[in-house]
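1. Pasting a predicted model and its sequence here:
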Amino acid sequence: MNIQSETDRPSRTLIATAAVLLSSTRLLLPVLRWDATRRIVEPVAARAPPFRQVAPGAIAAAVEAVHRRAPFSPTCLMKAIVGKALLEANGHRAELKLGVTRKHGEFHAHAWIERDGSVLIGELDDLAEYRILTERDADRRFQSLF
């Protein structure tokens with residue numbers, strides 16, 4: 001993601017908040033379903049600093065910054081859950097998308113965030129090849145693939 005303006009630069013506080021939420025999500029996902037994890041993370045994000053409206057680009061940049069520096073490897077589902085929670089906590093509507101595809105005979109799954117019809121977090125070159133699942137489709141049997 002290219003940071004295009006000063007308002008898209010994440011503050012240290014926003015990066016720290018994203019780090020705490022990503023770490024928490026990493027701990028919750030192995031023991032809870034993805035939708036239950038999301039329901040826990042969203043209210044926490046709503047109460048987390050920086051307590052002012054943050055631009056969507058800054059939120060995406062903060063999630064990516066933590067992804068690059070984390071001592072663990074955040075999955076696309078972790079990033080999507082945290083990104084959506086932070087976006088909505090800052091008054092930005094966003095959609096968490098889950099998709100599946102087959103590549104070279106192997107099953108692959110991916111999670112990403114769309115805002116106003118564009119991918120904000122989780123862009124892939126071959127994203128158009130993914131079949132989007134409904135929340136009902138994305139049950140526990142798919143969780144380990146994200």
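-> Perfect, thanks for sending it. Numbering: from 1, shown residues only.

2. which stretches of the chain form strands?
-> 95-103, 106-115, 118-121, 131-133 (DSSP state E).

3. Neighbouring strands of the third one in the sheet, and parallel or not?
-> For strand 118-121, the pairing partners within the sheet under DSSP bridges are strand 106-115 (antiparallel).

4. the inter-axis angle of the partner strand versus strand 95-103?
-> 160 degrees (axes from the mean of the first three to the mean of the last three CA atoms, to 10 degrees).

5. Check the spacing between the nearest residue to Pro10 once chain neighbours are set aside and Arg12 real quick.
-> Spatial nearest neighbour of Pro10, excluding adjacent residues (CB to CB, 6 or more residues apart in numbering): Ala62 at 3.6 Å. Glycine gets a C-beta too; all of them are placed from N, C-alpha and C. Going from Ala62 to Arg12 by CB to CB, to the nearest Å gives 9 Å.

6. How about Ser73?
-> Distance, Ser73 to Arg12, using CB to CB: 22 Å.

7. which non-adjacent residue is nearest the most centrally placed residue in the chain?
-> Centroid-nearest residue in the chain: Ala80, 1.5 Å away (criterion: CA atoms, centre = their mean). If the residues on either side of it in the chain are set aside, Ala80 comes closest to Ala111, at 4.0 Å by CB to CB, 6+ apart.

8. Test of understanding: give the bridge partners of the one you found.
-> Beta-bridge partners for Ala111, by DSSP bridges, are Leu98.

9. wouldn't it be in contact with Glu95 here?
-> No: between Ala111 and Glu95 there is no contact under CB atoms under 8 Å: 11.0 Å.

10. higher neighbour count, these two?
-> The neighbour comparison of Ala111 against Glu95 (other CB atoms under 10 Å) goes to Ala111, with 26 against 15.
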